[in-house]
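Participant: The following block contains a protein sequence and its predicted model.
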Amino acid sequence: MTREHRLDALLNPSSVAIVGASERNHYSNLAMTALEGIGYRGGVHLVNRRGAPAYGRASAIDCRSIGERVDTAYLCVPYEAILDAAADAIAAGVGNLVVLAGGFAEVGGEGAARQAELARLCASAGVRVLGPNCLGFRNLLDRVALGSIPFVPQEGPGSVAVVAVSGSVATAIARYGAQQGVDFTHLIATGNEMNVSSADLVDYLVQVPEVRAIALFLEGITDAAAFTAAAERALAARTPLVAIKAGAAPATAAIAAAHTNAVVGDDRVFDAVCRRLGISRVGTVEELVTTAALLADTGPIRPTGVAVVSMSGGVCEIASDLGAATGVELPEFAPETRAELREVLSDLGQLHNPLDLTGAAVRDESLWTSVPDIVSRDPAVGLTLVNWDVPATDPPRMPTTLELIGRAVGGAARPTALFTNHEQPVNSHGRAYLARHGIGFAAPGQRHVMAAVGHLTRWSRSLDAPRPAPTPAGPAPATPPRTEREVLAHLAAHGVPVAPVLVATTVAEAQAAAERIGGPVAVKVLSADIAHKSEVGGVVLGVEGAAAGEAFGRVVASVHSAVPEAEIDGVLVAPMRTGGVELLVGVVRDPQWGLVLAVGLGGFWVEALDETVLHLLPAPVAEVAAGLASSRVGRLLRGYRGIPPTDLTRLAEVAVGIGEAAAACGPDLAALEVNPLFVRGDRIEALDALTTWGAAG
């Protein structure tokens, strides 16, 4: 196949060299086994320092002695010899390297310096490097294998490509795929990603027509902009990305650093990245393979409702529970669908979704074709799941039923998938059955399939989601807003509703301000040197009239005592708000992904519940509104125990406005926080706000 991509010669070389080739080299043996097992048709050249024959072939003492063009060399020599081996390959005109050895940036110190030297050497010659600390790749489409990923035979090229930072995880994926009847187009281990990253490989794989889904195992993202661009290209091409990303546990950061020197980043921010880019984030190899294989098999579904057909009421009950837990919509059938079903299921008292065929499907096996056809045409159903186990013997048990199910799944007008009652190996008999009926994949077990279908429905919706466009920055402040008063004024300039706040510099002014506002007020210190006012006695709540003047003196005295060096500009007098919901809306600058918007419960609930939803900025209003609706906060905001309901779209507009105000502060802003944003029915007001600035701010 002819393609034009900068990684073509690396991943589809016409000739290769194994440097360090020897029957005594375990990794060299794995490489030769893979090349022979996959049926590589290009030139294979062996190199070792003694020029000793290996595998019944002649060897050269170095790459320069080969005398023929080599596209890619696999360096399976000790790390101490890597720099010399790389220099020799480059001198011989080799344009791509796969570097096995560890002991580079992942160990720090001298290893990091050695990797930097290797990077400079390769960059000066324009050489692409997979690794170091990498087991290489397997390209099943073009029958190329270069590296030491243990060879796992498969029936032929599949439709799922695998990119994994860990060669061991890539091997586990290959083995689980073989067990479940899933074949792959590529298996690529990336190691330290010195100058070929996971993003580069996604960019390459998206343009390969046979690749219908990409499964990823990631630690850190080396280049957020490149990763975003590659993921957006995949989204535009409707090639789903399914990812395991290390970093959910705090201790994982140390493990990842020791493994490949990866910086795992903020895990919840990566969740927001996945939502924005339509990436299905999973947690296990089983879920990774099942989800990628299902998405590759069905493609996007529209509508996103799912129907389940089984002859077991228990299976239907479990599917219903698992669907609710994984976000799968199981709509009730439309009246016209129910009418058609009654014609063929006249003895059934219920026609719910999931649909239990009961023993009627034993008496009348034709139901296995008629019923899936009927429910798949329901206006709310985009995917039909049919429950039966893949045959493991020949002849199979209940052969007529299996043939009818095969025709129903393989010949349906809308996506229809087979799922088994439990996880089971798919042997040669099962593969033959699936192939005979054109069924690409049988999902293993109810938990795996419903989790995968949940990802499928979310990915399908993401294809139509509005893509955020850069928004005008709006009015930039003449000077960085540092005091609460300045920050509130800056927010108001960006259309954010702000509670009426008055400044008082004397006892009399504080009392007058309280009387002007009316009702209970809060008296808060006004100082650019005080970020957390309550910690230094800088806040008095719930005072009225003359008591506000007394509160002025208490606040000033307390702050002077706690922070003598602080410059105090007076106090802010603000109305107290009760009977609503207090939210935190914050914007923080992530070192990888830029400004991130966080929306959740405010006040002391921030730390108690840690209930926040994150969004990359700029964020569409619809995305923020959907995040509110799906969170526990949404239950309160829709009306709860005397709290009137709030328009979530309007609230999302305010949150987006806070994000725009933060963006307008410029690159030195580290964070902007509104806490609380008071919400009660139609009233939405920022009551308190602060900013944090970087060293240049």
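Facilitator: Alright, I've got the coordinates.
Participant: In this protein, where's the longest strand?
Facilitator: strand 669-680 (DSSP state E).
Participant: Show me what the strand or helix carrying Glu623 is packed up against.
Facilitator: Take DSSP states H and E as the rule and Glu623 turns out to sit in helix 621-630. Helix 621-630 is packed against strand 594-601, strand 612-616, helix 648-663, with contacts defined by 3 or more C-beta pairs under 8 Å, 6 or more residues apart in numbering; DSSP states H and E. (C-beta placed from N, C-alpha, C; glycine too.)
Participant: just to revisit the earlier point, give me the next element, helix or strand, following the longest strand of the chain.
Facilitator: Following strand 669-680 in sequence order, the next helix or strand is strand 683-686 (DSSP H and E).
Participant: what angle sits between whichever helix or strand comes after that following strand and helix 648-663?
Facilitator: Proceeding N to C from strand 683-686, the next assigned helix or strand is strand 689-693, under DSSP H and E. Calculated by axes from the mean of the first three to the mean of the last three C-alpha atoms, to 10 degrees, strand 689-693 forms an angle of 40 degrees with helix 648-663.
Participant: Now find how far off-centre strand 689-693 is within its chain.
Facilitator: Put simply, strand 689-693 sits 29 Å off its chain's centre (C-alpha atoms, centre = their mean, to the nearest Å).
Participant: what's the answer for stretch 120-138, then?
Facilitator: Distance of stretch 120-138 from the chain centroid (C-alpha atoms, centre = their mean) equals 26 Å.
Participant: ok so, going back, buried set for the helix holding Glu623?
Facilitator: By 16 or more other C-beta atoms under 10 Å, the buried positions in helix 621-630 come out as Val621, Glu623, Val624, Ala625, Ala626, Gly627, Leu628, Ala629.
Participant: And for the helix or strand immediately after it in the chain, what's in contact with it?
Facilitator: Using DSSP H and E, the helix or strand that follows helix 621-630 in sequence is helix 632-637. Contacts with helix 632-637, where a contact means C-beta atoms under 8 Å, 6 or more residues apart in numbering, come from 581, 583, 599-601, 609, 611, 613, 628, 643, 645-646, 648, 651, 679.
Participant: who does the longest strand of the chain pair up with?
Facilitator: strand 581-590 (antiparallel), strand 683-686 (antiparallel), strand 689-693 (antiparallel) (DSSP bridges).
Participant: what angle do that strand and strand 594-601 make?
Facilitator: 30 degrees.
Participant: where's strand 669-680 relative to the chain centroid, distance-wise?
Facilitator: That offset, for strand 669-680, works out to 26 Å (C-alpha atoms, centre = their mean).
Participant: And stretch 523-542, by the same measure?
Facilitator: When C-alpha coordinates are averaged (C-alpha atoms, centre = their mean), stretch 523-542 and its chain have centres 40 Å apart.
Participant: likewise stretch 271-287?
Facilitator: Counting by C-alpha atoms, centre = their mean, stretch 271-287 comes out at 3 Å from the chain centroid.
Participant: again with stretch 341-361
Facilitator: From the chain centre to the centre of stretch 341-361 is a distance of 39 Å (C-alpha atoms, centre = their mean).
Participant: Identify all contacting residues around it.
Facilitator: By C-beta under 8 Å, 6+ apart, the list of residues contacting stretch 341-361 from outside reads 307-313, 315-317, 319-320, 330-333, 338, 367-368, 370-371, 374-375, 401.
Participant: same check, this time on stretch 399-410
Facilitator: Where contact means C-beta under 8 Å, 6+ apart, the residues beyond stretch 399-410 that reach it are 361, 365-366, 368-369, 372-373, 386, 388, 391, 396, 416-418, 433, 436-439.
Participant: Please repeat the previous calculation with a cut-off of 6 Å.
Facilitator: 365, 368-369, 372, 386, 388, 391, 396, 416, 418, 437-439 (C-beta atoms under 6 Å, 6 or more residues apart in numbering).
Participant: I'd like to know which of those are buried.
Facilitator: Buried members of the contacts of stretch 399-410, counted by 16+ other C-beta under 10 Å: Glu365, Trp368, Thr369, Pro372, Val386, Trp388, Pro391, Pro396, Thr416, Leu418, His437, Ile439.
Participant: Confirm the second one sits in a strand?
Facilitator: Spelled out, that is Trp368. No - assigned with DSSP: H, G, I helix; E, B strand; the rest coil, Trp368 falls outside any strand and is helix.
Participant: ok, now which ones touch it?
Facilitator: Counted by C-beta under 6 Å, 6+ apart, Trp368 has contacts Thr401, Leu404, Ile405, Ala408.
Participant: what's the closest of those to Ala60?
Facilitator: Ala60 has its nearest neighbour among the contacts of Trp368 in Ile405, at 57.2 Å by C-beta to C-beta.
Participant: and the closest one, what helix or strand is that in?
Facilitator: In this assignment (DSSP H and E), Ile405 forms part of helix 399-410.
Participant: What residues of that helix count as buried?
Facilitator: Thr401, Leu402, Glu403, Leu404, Ile405, Gly406, Arg407, Ala408, Val409, Gly410.
Participant: Next: stretch 572-591.
Facilitator: For stretch 572-591, burial by neighbour count (16+ other C-beta under 10 Å) applies to 572-577, 580-590.
Participant: Go ahead and confirm Asn468 touches Glu623.
Facilitator: No Asn there; residue 468 is Pro. No - in this structure Pro468 lies outside contact range of Glu623 using C-beta atoms under 6 Å: 7.7 Å.
Participant: can you list the weak-confidence ranges in the stretch 351-500 of the chain?
Facilitator: Along the stretch 351-500 of the chain, the model assigns pLDDT under 70 to residues 470-475.
Participant: Parallel or antiparallel, which strands does whichever helix or strand comes after the helix holding Ile405 pair with?
Facilitator: Next along the chain after helix 399-410, taking DSSP H and E as the criterion, comes strand 416-419. Within its sheet, and counting by DSSP bridges, strand 416-419 is paired with strand 381-387 (parallel), strand 442-443 (parallel).
Participant: Run through who's touching the helix or strand containing Phe552.
Facilitator: Secondary-structure assignment from DSSP H and E places Phe552 in helix 546-562. Applying C-beta under 6 Å, 6+ apart, the external contacts of helix 546-562 come out as 507, 510-511, 514, 521, 523, 525, 536-538, 540, 543, 571.
Participant: quick one: which two of those are the most distant?
Facilitator: Greatest spatial distance among the contacts of helix 546-562 (C-beta to C-beta): Gln511 and Val536, at 22.8 Å.
Participant: Test my guess that Val202 contacts Ala229.
Facilitator: No - applying C-beta under 6 Å as the test, Val202 and Ala229 come out as separate, 9.4 Å apart.
Participant: So which of those two has more stuff around it?
Facilitator: With neighbours defined as other C-beta atoms under 10 Å, Val202 and Ala229 compare such that Val202 has more, 23 against 14.
Participant: Neighbours of the nearest residue in space to that one that is not next to it in sequence, how many?
Facilitator: Spatial nearest neighbour of Val202, chain neighbours left out: Ala230 (4.1 Å); criterion: C-beta to C-beta, 6 or more residues apart in numbering. Counted by other C-beta under 10 Å, the residues lying close to Ala230 total 24.
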